[in-house]
Each structure stands twice: as C-alpha cells, then as structure tokens.
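In: sequence below, structure please.
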Amino acid sequence: MTVYLVGAGPGDPKLLTLRGRELLECAEVVLHDHLVDRRVLDFARPQAQRIYVRELGRGNGQAPGVTTQDQINAALIAYGRQGKTVVRLKGGDPFVFGRGGEEASALAEAGVPYEVVPGVTSAVAVPAAAGIPVTQRGMASSVAIVTGHEAPHKGPGAATVDWAALATATDTLVVLMGLGRLEERAQTLIAHGRPPDTPAAVIANGTWPGQRTVTGRLDEIADRVADAGLQSPAVIVVGEVVHQRDALAQAAQAAKETSKPCG
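Out: Numbers count the residues shown, from 1 in each chain. Alright, predicted model coming up:
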C-alpha cells in the first residue's frame, strides 16, 4: 500500500513527468484536483477509480463542491490502508502551494507509506510558456514565488505574505492564485517602493489551449487585464524580465510553426 503525491504539471499533458505517467498507468485509485487537465487523467488505466476531490464532501451537509483538507487526508489514509495503489494528482508541484506537505504529514502520522513525485511548477513553466524567464543574468538574480490567496482563518502566529517587504526584496515576483486581488496587490507594491512603471504580465490558462497573456506597467496592469477579460487560473509576473517576452515569445512561436516533432 502506497500513496503517491504526484505533480501533474502546469496543464499541458506533455509536461507530466515520466514517473507521474508511470504511476497513473498502474494506479487503482486516482484522487485529482480541478486544475488537472483531463488529458492527463487519460493516462490512468480504464479500470482505475477516479475521484474528483471536491466531491468528497457530498452527503456531509456541505455546500456542493466543498471539501475540507481533513476529508482529503482521511480519504488518502483510508484508500492507502486498503492496500491500494493510490495517486493523489495535484496541479503543478505538490509542494508548491499544493498542500502536499499537509497530506504527507497526515499520511506519515497515520503510518501510511507515501512517495512524493515532483511536478513542473506553474510558477516557472507558465511564464516560460509566455516567453518570460523568471531569472536572467544581469537583469534578475532573485525570484520570489508567493500565493495571492491566503486562507482567511489562519491562526495566531501563522505565516502570511509580507507584501510591503516584497516590493523591493526581489528582482522577480511571481504570484499564484492572485488574479482576484491584482489591483490591490499592485497598489501595495507601488506604495512600498516598487516603481509604477515596472513591467508586469498576467498569463491565463498557461500551457493550456487558449493561453492568453496581457502585459503592461504595474500601475495599469489590473485595468488591462480587466479590459481583456482574463480569468483564473492565472500567473502574475512582476519585474524587468517581462521585457524579454516580445523577443522570446516571437522566436518560440516561429520555431513551433516551422519545426517537426522528433521521430
């Protein structure tokens, strides 16, 4: 009995790791998140039991589509104790804002063997897919990856994002799950020292069909995104590296249009 915490990558099924695909092909139970591309799930064998984790809360008096982390932990433990090969499939990387650490801790405490299978994180892959490197020699030697959506009921002493400090603490700032508060975050960064004309980008549905990117100054990016009608999931990038997009994205698109797959 083993539970595998597998990172599904940022969206494109070709970015799933070889180990991740191998485990999906032999899994008996697959518990997956909303942001896992259905094409990734197609790697699971037909007889595997597929469980969308938001459905675990049904029948417990909860609102439709609402499942607590405790319920997910309990399901992983229960299936693991049944001696099944279980894949917990999570978008991106399990340990990058994926609550993989919480699930690993619960499994360890319950004595259920588990393995963590890293995935390609959207914090790096999605900007790359849009032609934006998060680091660049001579331009950006540091990068901070933060969540734009923190749990509203954190207890006393819990870690929170210090947006004021982040304004000047890093060359590149990558924000996940932050689209809903984009304007507020941009204003906070500017108020604490980030120049208003800092380049910024928002990439929606990164690596998925229909990927869209909006760029602009930090003080105008929220309006541009609203005008474009971008919706989640989206990755926000703030920093001089955004200037690289025009040249790199055009070159990548030209290569994609003229190249042929190997084999």
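In: low-confidence ranges, the stretch 151-263 of the chain, go.
Out: For the stretch 151-263 of the chain, residues meeting the criterion pLDDT under 70 lie at 151-158, 249-263.
In: let's see 90
Out: 151-160, 246-263 (pLDDT under 90).
In: could I get the full set of strands for it?
Out: Counting by DSSP state E, counting those that start in this stretch, the stretch 151-263 of the chain has these strands, from start to end: 172-176, 199-204, 212-217, 234-238.
In: most packed of those strands?
Out: Ranked by mean neighbour count, the strands of the stretch 151-263 of the chain are led by strand 234-238 with a mean of 27 (mean count of other C-beta atoms under 10 Å). C-beta coordinates here come from the backbone N, C-alpha and C atoms, glycine included.
In: for it, output the C-alpha coordinates as CSV.
Out: Listed next in CSV are the C-alpha coordinates belonging to strand 234-238 (Å, rounded to 0.1, in the frame of the first residue of the first chain):
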residue,chain,number,x,y,z
ALA,A,234,-3.6,32.8,-14.0
VAL,A,235,0.0,33.6,-13.1
ILE,A,236,1.2,37.1,-12.4
VAL,A,237,4.8,38.2,-13.0
VAL,A,238,6.3,41.5,-11.9
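In: got the angle between that strand and strand 212-217?
Out: On the basis of axes from the mean of the first three to the mean of the last three C-alpha atoms, to 10 degrees, strand 234-238 is oriented at 30 degrees to strand 212-217.
In: ok, and what's touching strand 234-238?
Out: For strand 234-238, the surrounding residues in contact (C-beta atoms under 8 Å, 6 or more residues apart in numbering) are 122-123, 126-127, 132, 134, 148, 172-176, 178-179, 182, 185, 189, 194, 198-206, 218.
In: related to what we said a few turns ago, Throw the strands of the stretch 151-263 of the chain into TSV and include distance to Pro94, thanks.
Out: Output for the strands of the stretch 151-263 of the chain, formatted as TSV (distance: least, C-beta to C-beta, whole Å):
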stretch	distance to Pro94
strand 172-176	14
strand 199-204	22
strand 212-217	26
strand 234-238	18
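In: which residue, other than its chain neighbours, is closest to Pro199?
Out: Val242 (3.6 Å; C-beta to C-beta, 6 or more residues apart in numbering).
In: and that neighbour, how far is that from Val235?
Out: According to C-beta to C-beta, to the nearest Å, Val242 and Val235 sit 12 Å apart.
In: what about the helices in the stretch 1-150 of the chain?
Out: 18-26, 38-41, 69-81, 100-110, 122-129 (DSSP state H, counting those that start in this stretch).
In: hang on, isn't Asp246 packed against Gly131?
Out: Yes - using C-beta atoms under 8 Å, Asp246 is in contact with Gly131, at 7.5 Å.
In: neighbour count for these two, which is higher?
Out: Gly131 (21 against 11; other C-beta atoms under 10 Å).
In: where does the more buried one land on pLDDT?
Out: Per-residue pLDDT puts Gly131 at 95.
In: that one and Gln244, how far apart?
Out: 7 Å.
In: could you do His192 as well?
Out: In terms of C-beta to C-beta, His192 sits 25 Å off from Gln244.
In: before we move on, back to that, give the residues shared as contacts by Gly131 and Gln244.
Out: Between them, Gly131 and Gln244 share no contacting residue under C-beta under 8 Å, 6+ apart.
In: near the residue nearest to Gly216 when sequence neighbours are not counted, how many other residues are there?
Out: With C-beta to C-beta, 6+ apart as the criterion, Gly216 has its nearest non-adjacent residue at 4.4 Å, and that residue is Arg224. For Arg224, the neighbour count with other C-beta under 10 Å is 16.
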